[in-house]
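After the sequence you'll find the predicted model.
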Amino acid sequence: MSGSAQLDTVPARRCARVTATLGLGAAAAPLHALTGRPYRGMRRAFVGLGPVFVKFGQVVASTPALFPAGVRAEFRGLLDDLPAFDAARARQRAERALGDRLSGFDPVPVAAASLAQVHRAQVDGRPAAIKVLRPGIAAEVELDLMVLQRLAPALERTIPLTGRLRLDEVVEDFAHTLRRELDLEAEAAEMESARGFLSHLGAEEVVVPAPLGGDREVLATEWFDGFPIDSRVALRSAGLDPAPLLQTMLLRLQEMALVRRRFHGDLHAGNVLIGDDGRMAWIDWGIVSSLSAGQAVAAGRMFAGALHRDFPLVLEGLDEFGVVPARRDELADALDRALSPRLERGLASVEVSPLVRRALAVLFRHGVRVPRELVMLAKQIAYFDRYARTLVPTRRLLEDATEIFAYFLASYPELSDQLYPHAAEALALDP
């Protein structure tokens, strides 16, 4: 057998195994449906198939409105953790990247995720977090992405989408994001850039740990002592009020997205750590998204238009993203019917996650190819809304929007008319 023929059998074997595993998961659906969890078998199949499928399952769980609620709820049970690989290999790889700058390497990882694991150590005598990619993970990712793309049409019959998007389109975007996560030099550069932006703002309450060295497969950063933002017990013990922390998160995300035009794309609780002094660290910059100048303006207009119930303005924003919906008047009316009943009660009563899901669902149903950047922003806001409902149940996230509008009017007068053309009216929604 020729070398190329041997290589061809590898994806064929993997494809056969994946097909069989997913088939068993789908076959279990009627049994699990009796307990109200028809997708439980599919979730278990994804876990058994390894890192790429675990990561893709997390996309299914965390993308608002793209998949049915029952699918998203089941796949939220997917945890991005695996047994740690050999610490000696991790240390050897770190030493190759950092040389004699590395010392005090702790063989017990503080985290072991699908793509990498993290060890505590010292670099140049400073406490550091050492992120090391799993051995062979790049080849494994490429193989499983190939298989996932081949099987997407069949998989869509088992894990349906709610809109007119196809699963192979979702997989294509997922592949782009996942490949970028494997380049730790790119992650280090992203962290340096974000640090520079926050320094320019004088935003000392948000910390991006400084990169300390490494290469494409190893990244050393400053160590930050903290706990996840959704830890109510730890917040209470530290005597911290979560409300201003959440407002700071929303404010800095908007500045990152609309002023810097690059933002962290995965601000789940494990990536937002709170120190006992109240400072907040945003870690793990493997997933980021960017906006052009025009897209940043468009995003601001869509947000302001939705809050002011000016749905033609929302469509103008879509136009500026390069999305030109058919039957514009029909789509504007559909957005009005879906969102106005929730917004007319005032911002103090609005729950953001259902609002975002409704808006995206309307767009998907009308065949709108919602730009990846907007979906990524929506995911971060959904995370924040979850934190708000957990930590400050008496306050709604959009109550802070009025203060954020005021901040932008004062701080960015050259942008305010472009970003929020109806800022004054929006501010008046809840006097």
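Right, received. Where do you want to start? Residues are numbered from 1 along each chain as shown.

and stretch 316-329, which residues are buried?
For stretch 316-329, burial by neighbour count (16 or more other C-beta atoms under 10 Å) applies to Glu316, Gly317, Leu318, Glu320, Phe321, Val323, Pro325, Arg328. (Each C-beta comes from the backbone N, C-alpha and C, glycine too.)

Lowest-confidence one in those?
Within the buried residues of stretch 316-329, pLDDT reaches its minimum at Pro325, with 72.

domain parsing for this structure?
What automatic domain parsing lists as the domains of the chain is 3-79+137-171, 225-431.

What is the distance between the first one and the centre of its chain?
Going back to what we said before, that points to domain 3-79+137-171. Offset of domain 3-79+137-171 from its chain centre (C-alpha atoms, centre = their mean, to the nearest Å): 19 Å.

list the contacts for the residue lying closest to Val368 once chain neighbours are set aside?
Spatially, and ignoring its direct neighbours in sequence, Val368 is nearest to Pro325 (5.1 Å; C-beta to C-beta, 6 or more residues apart in numbering). By C-beta atoms under 8 Å, 6 or more residues apart in numbering, Pro325 lies in contact with Leu315, Leu318, Leu331, Leu363, His366, Gly367, Val368.

Tell me which two of the residues you listed sit farthest apart.
Greatest spatial distance among the contacts of Pro325 (C-beta to C-beta): Leu315 and Gly367, at 13.8 Å.

With neighbour numbers in mind, choose between the two.
Comparing Leu315 with Gly367 by other C-beta atoms under 10 Å, the one with more neighbours is Leu315, at 22 against 13.

mind checking how far that one is from Arg134?
Note on Leu315: its distance to Arg134, by C-beta to C-beta, to the nearest Å, is 45 Å.

what's the answer for Gln58, then?
Distance from Gln58 to Arg134, counting by C-beta to C-beta: 17 Å.

ok, now Glu373?
29 Å.

mind checking the SS state of the most centrally placed residue in the chain?
Taking C-alpha atoms, centre = their mean, the centroid of the chain lies closest to Asp266, which sits 2.9 Å from it. At Asp266 the chain is in coil, as set by DSSP: H, G, I helix; E, B strand; the rest coil.

So which other helices or strands are in contact with the helix or strand containing Phe174?
Applying DSSP states H and E as the criterion places Phe174 in helix 167-181. Helix 167-181 sits against helix 51-62, helix 137-155, with contacts defined as 3 or more C-beta pairs under 8 Å, 6 or more residues apart in numbering; DSSP states H and E.

What residues sit buried inside that helix?
Buried, per 16+ other C-beta under 10 Å, within helix 167-181: Leu167, Val170, Val171, Phe174, Ala175, Thr177, Leu178, Glu181.

now what about that helix, what contacts it?
Outside helix 167-181, the residues touching it (C-beta under 8 Å, 6+ apart) are 52, 55-56, 59, 63, 66, 115, 141, 145, 148-149, 152-153, 155-156, 159, 161, 186-187, 265, 286-288, 372.

out of the residues you listed, which are buried?
The neighbour count (16+ other C-beta under 10 Å) marks 52, 55-56, 59, 63, 66, 115, 141, 145, 148, 152, 155-156, 159, 161, 186-187, 265, 286-288 as buried among those.

can you pull out the strands in the stretch 251-400 of the chain?
Assigned by DSSP state E, counting those that start in this stretch, the stretch 251-400 of the chain shows strands spanning 262-264, 272-274, 280-282, 288-290.

Neighbouring strands - and their directions - for the third one?
The strands beside strand 280-282 in its sheet (DSSP bridges) come out as strand 206-207 (parallel), strand 272-274 (antiparallel).

closest to Thr21 out of those strands?
Using C-beta to C-beta, the nearest of the strands paired with strand 280-282 to Thr21 is strand 272-274, at 33.7 Å.

Show me how far the closest one is from its chain's centre.
Relative to the chain's own centre, strand 272-274 is displaced by 15 Å; criterion: C-alpha atoms, centre = their mean.

buried residues in that strand?
Under the neighbour-count criterion of 16+ other C-beta under 10 Å, strand 272-274 has Val272, Leu273, Ile274 buried.

my guess is the second one contacts Arg279, does it?
No - the pair Leu273 / Arg279 is not scored as a contact, 9.1 Å apart, by C-beta atoms under 8 Å.

Now do the shared contacts for those two.
Gly226.

what comes up buried for stretch 187-204?
In stretch 187-204, the ones that count as buried by 16+ other C-beta under 10 Å are Glu187, Ala188, Glu190, Met191, Ala194, Arg195, Phe197, Leu198, Ala203.
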